[in-house]
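Undergrad: requesting a structural model of the entry that follows:
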Amino acid sequence: MPKLMVNSIEVEVEQGASVLQACEEAGFEIPRFCYHERLSIAGNCRMCLVDMERAPKPIASCAMPAADGMVISTQTDRVKKAREGVMEFLLVNHPLDCPICDQGGECDLQDQAMGYGHDGSRYKEAKRAVEEKQMGPLIKTIMTRCIHCTRCVRFATEVAGVPDLGAIGRGEQVEITTYLEKTIASELSANVIDLCPVGALTSKPYAFISRPWELNKTESIDVMDAQGSNIRIDARGNQVLRVMPRLNEDVNEEWISDKARFAIDGLKTQRLDKPYVRRDNGKLEAASWDEAFAAIAKKLKKVKPNNFGVIAGDQIDAETLFAMKLMMEKIGSPHMDCRQDGADIDGNARGSYLFNSTIAGIDEADAILIIGSNPRIEAPVMNARIRKQYLASGLPIAHIGQSVDLTYPAEYLGSNAAILTEIAENNHPFCNTLQSANNPMIIVGNGVYTRNDAKALLHYISEIIKTFDVVHKGWNGFNAVHNAASRVAGLDIGFLPGKSGKSARAMLADAADEKLAMIWLLGADEIDTSKLENTFVVYQGHHGDVGAHCADVILPGATYTEKNGLFLNFEGRVQEVRRAAFPPGDAKDDWSIIRAFSAVIGQPLPFDTHEACRQMLVSSFPHFAEIGQIRSSRWKKIGKSGKISDEPISAGLTEFYMTCPISRASQTMADSRTSRENNTKQIAAE
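TA: Next up, the predicted model:
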């Protein structure tokens, strides 16, 4: 590894590191605009100039590889003067927008102008003006502010995998544009807002809403998908105003999806803020908590335990699932299920429903087979990680299921389920790729788990794992991708049908046949509610969505931004959401609603506080105490030999923008979906 001197301090860096990285390793800050750790080196802003011994002029430290014996100086008069000159040129055409710029207070240009710039300007001519560009409903552009660092261009091309951004023109006429004035066709597009070091690209929904110093910042977790991206929730008073990504190298690096960032306007529309009871006139009317609980208790007294069931939704925290499971055990009903989509997942084999390789483990894979999943919309940030590994190593990727653009080259094997039998029998061209791979990876999505023949497909997937040594010492290449943030916690806790218990599908079928008298929808909205017309329905949730429309009693709960709770992502990593605001009106934390109702029916749960509930959860399932950690699980053969259907394998999700009560209530998500659809039509027409 090369050793070099930085300001008389010897530092050793890894082979291939830049001089800029060496300077920072030695503890010296280097200003930069174009350089970013996760993007290719452009070297076009020249702000990172440093002196190198025997060099005739200052060098761009971001583009110069560190070499043995180098002598670098970052604080000489020549460096100081060079940086002041660069800053003066950058500000030549930059408008004096700071008082009205949404980047104000968080602007790299502001900060570095104060730290490294000159106190005046010699430029008196008129400034250049650039027309604003249309980049869709998420990104606001003021391109006169652009300093052409090209971070946004490199992100779109390298990370997002959509070459929609680029530069046109030469010299003073250079402009960053989307070429066709269209929405950036990526589920990660808004990350360019964070990357932009000036106010050229800002958040359109957040424009002129607040200043950074007005906001209370809360570290939390995204529950819009099951990856569990780390986020920071910024709120003013009791209103969530924006969501920003938080660095976690093992989960989301520093990216988040557009839905995680912008669906938050759905938090304040169509909210349930008080209990409702359906009266004798057939209408839902506001009621007190006592009236709502009394109506449920009255019905429950008339119902045998075997005629009462619970279906949990996709965004329920572990404490709430645990509390509901305890209450169901006290009532004596075995009918509970956390798989509202009907996924056929065996809760006994933990390794069969986890992303065992871990998200970071994608960097070690040398072949990937994706089955029944579209990771681009089911887990966009993870999909970007697959793309990163493809760009780094050129690993072969194959896809079975719906034909989609994954943003990286993938061999499409088809959608016929019989392809799995061919691969399992070592009778398919892709078998050679799997055979030669040291760390092959199989990614299985809900497109497999929700099929009627799921067990048969999983049996053949198990055979593939055995044939090609997908699971071996030091490597577990079987990976399940879920769409529900609460799925893994529910499976770990055992929120599944007990002895003689019915699954979510069976409960809905029985309800349609009038064999199930009462059902409790715990935030479950992604179900066919037409089957519940003759059943007494209790809906506990936070939005007036599908489940609330069919309910006889509505119990208003809290969203993920309004409570503390534990979630496990599809890796099995324990993570915590934290309260950034309080639920509106009379809405309560979900676990406390269940605890209060258990007392009404004379079966009080053995805890009175959230802390006591979590402590009891941890005592029953100790791995829930390991925040940020993953407890690995041994692989066990899954599935069962059986006949495979002729039905094509589909993806687990076909829609990205509106997939849950929060995103369906979001106007921003509705606008984004419409904009993408219009783009597709426009391109098809051209």
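Undergrad: once you drop chain neighbours, what's closest to the residue nearest the centre of the chain?
TA: The residue lying closest to the centre of the chain (Cα atoms, centre = their mean) is Ser229, at 4.6 Å. Nearest residue to Ser229, sequence neighbours excluded (Cβ to Cβ, 6 or more residues apart in numbering): Asn252, at 3.9 Å. For glycine as for every other residue, the C-beta is placed from the backbone atoms N, C-alpha and C.
Undergrad: got the contact list for the lowest-mean-pLDDT helix or strand in the chain?
TA: Sorting the helices and strands of the chain by mean pLDDT, DSSP states H and E puts helix 667-685 at the bottom, at a mean of 84. Contacting residues not belonging to helix 667-685 are listed as 136-138, 180, 182-183, 185, 205, 258-259, 262-263, 265-266, 269, 655-658, 663 [Cβ atoms under 8 Å, 6 or more residues apart in numbering].
Undergrad: now the residues you listed: which count as buried?
TA: Burial by neighbour count, judged by 16 or more other Cβ atoms under 10 Å, picks out 136-138, 182-183, 185, 205, 258-259, 262-263, 265-266, 656-658, 663 from these.
Undergrad: picking that back up, so for the residue nearest to the centre of the chain, what's the pLDDT?
TA: pLDDT, Ser229: 97.
Undergrad: so what's it up against?
TA: Contacts of Ser229 were listed using Cβ under 8 Å, 6+ apart, and they are Ile221, Asp222, Pro245, Asn248, Val251, Asn252, Trp255, Ile256, Ser257, Ala260, Val381.
Undergrad: which ones among those lie within strands?
TA: When DSSP state E defines the strands, the subset of these inside them is Ile221, Pro245.
Undergrad: compare the contacts of Ser229 and tell me which is most surrounded.
TA: Within the contacts of Ser229, Asp222 tops the neighbour count with 30 neighbours, counted by other Cβ atoms under 10 Å.
Undergrad: is it true that that one touches Asp258?
TA: No: using Cβ atoms under 8 Å, Asp222 is not in contact with Asp258, being 11.4 Å away.
Undergrad: quick revisit: quick check: buried residues in the least confident helix or strand of the chain?
TA: Neighbour counts using 16+ other Cβ under 10 Å place Thr668, Met669, Ala670, Asp671, Ser672, Arg673, Ser675, Arg676, Asn679 of helix 667-685 among the buried residues.
Undergrad: next up, phi/psi of Thr177, please.
TA: When read as degrees, to the nearest 10, the backbone of Thr177 gives phi -150, psi 170.
Undergrad: next, count neighbours for it.
TA: Neighbourhood size, Thr177 [other Cβ under 10 Å]: 21.
Undergrad: just Ala295 next, same as before
TA: By other Cβ under 10 Å, the residues close to Ala295 number 19.
Undergrad: which helix or strand contains it?
TA: In this assignment (DSSP states H and E), Ala295 forms part of helix 289-302.
Undergrad: tilt between the helix or strand that that helix is followed by and helix 289-302?
TA: As assigned by DSSP H and E, the chain's next helix or strand after helix 289-302 is strand 308-312. Orientation of strand 308-312 against helix 289-302 (axes from the mean of the first three to the mean of the last three Cα atoms, to 10 degrees) gives an angle of 130 degrees.
Undergrad: quickly run through the sheet partners of strand 308-312, with directions.
TA: Taking DSSP bridges as the criterion, strand 308-312 forms sheet pairs with strand 335-337 (parallel), strand 518-522 (parallel).
Undergrad: need the next SSE after that strand, C-terminal direction.
TA: Downstream of strand 308-312, the next assigned helix or strand under DSSP H and E is helix 318-331.
Undergrad: mean confidence for that following helix?
TA: pLDDT averaged over helix 318-331 gives 96.
Undergrad: can you pull out the strands in the stretch 401-550 of the chain?
TA: Here the stretch 401-550 of the chain has its strands, by DSSP state E, counting those that start in this stretch, at 411-414, 440-444, 471-472, 475-476, 478-480, 518-522, 536-541.
Undergrad: need those strands in a markdown table (columns: mean neighbour count).
TA: Below are the strands of the stretch 401-550 of the chain laid out as a markdown table (neighbours: other Cβ atoms under 10 Å):
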| stretch | mean neighbour count |
| --- | --- |
| strand 411-414 | 15 |
| strand 440-444 | 26 |
| strand 471-472 | 18 |
| strand 475-476 | 20 |
| strand 478-480 | 26 |
| strand 518-522 | 26 |
| strand 536-541 | 26 |
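Undergrad: hang on, Leu241 in a strand?
TA: Yes: going by DSSP: H, G, I helix; E, B strand; the rest coil, the assignment for Leu241 places it inside a strand.
Undergrad: pretty sure it contacts Asp234?
TA: Yes: using Cβ under 8 Å as the test, Leu241 is close enough to Asp234 to be in contact (5.6 Å).
Undergrad: tell me which of the strands paired with strand 308-312 lies nearest to Gly498.
TA: For the strands paired with strand 308-312, proximity to Gly498 was assessed by Cβ to Cβ; strand 335-337 is nearest, at 7.4 Å.
Undergrad: returning to what we had before: can I get the strands paired with strand 308-312 in JSON lines with mean pLDDT?
TA: Below are the strands paired with strand 308-312 laid out as JSON lines (pLDDT from 0 to 100):
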{"stretch": "strand 335-337", "mean pLDDT": "96"}
{"stretch": "strand 518-522", "mean pLDDT": "97"}
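Undergrad: look up how far Ile209 lies from the residue nearest to the centre of the chain.
TA: Going from Ser229 to Ile209 by Cβ to Cβ, to the nearest Å gives 22 Å.
Undergrad: then Phe33?
TA: According to Cβ to Cβ, Phe33 and Ile209 sit 26 Å apart.
Undergrad: show me where the stretch 551-686 of the chain has helices.
TA: 590-600, 610-620, 661-664, 667-685 (DSSP state H, counting those that start in this stretch).
Undergrad: got these as JSON lines, with distance to Val159 columns?
TA: As requested, the helices of the stretch 551-686 of the chain are arranged in JSON lines below (distance: least, Cβ to Cβ, whole Å):
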{"stretch": "helix 590-600", "distance to Val159": "36"}
{"stretch": "helix 610-620", "distance to Val159": "36"}
{"stretch": "helix 661-664", "distance to Val159": "23"}
{"stretch": "helix 667-685", "distance to Val159": "19"}
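Undergrad: out of the ones you listed, flag the one nearest His94.
TA: Of all the helices of the stretch 551-686 of the chain, helix 667-685 sits nearest to His94, with 29.0 Å by Cβ to Cβ.
Undergrad: got a list of what the closest residue to Gln575 other than its chain neighbours touches?
TA: In this structure, Gln575 finds its nearest non-sequential neighbour in Ile221, 4.6 Å apart by Cβ to Cβ, 6+ apart. By Cβ under 8 Å, 6+ apart, Ile221 lies in contact with Gly228, Ser229, Asn230, Ile231, Tyr560, Phe567, Gln575, Glu576, Val577.
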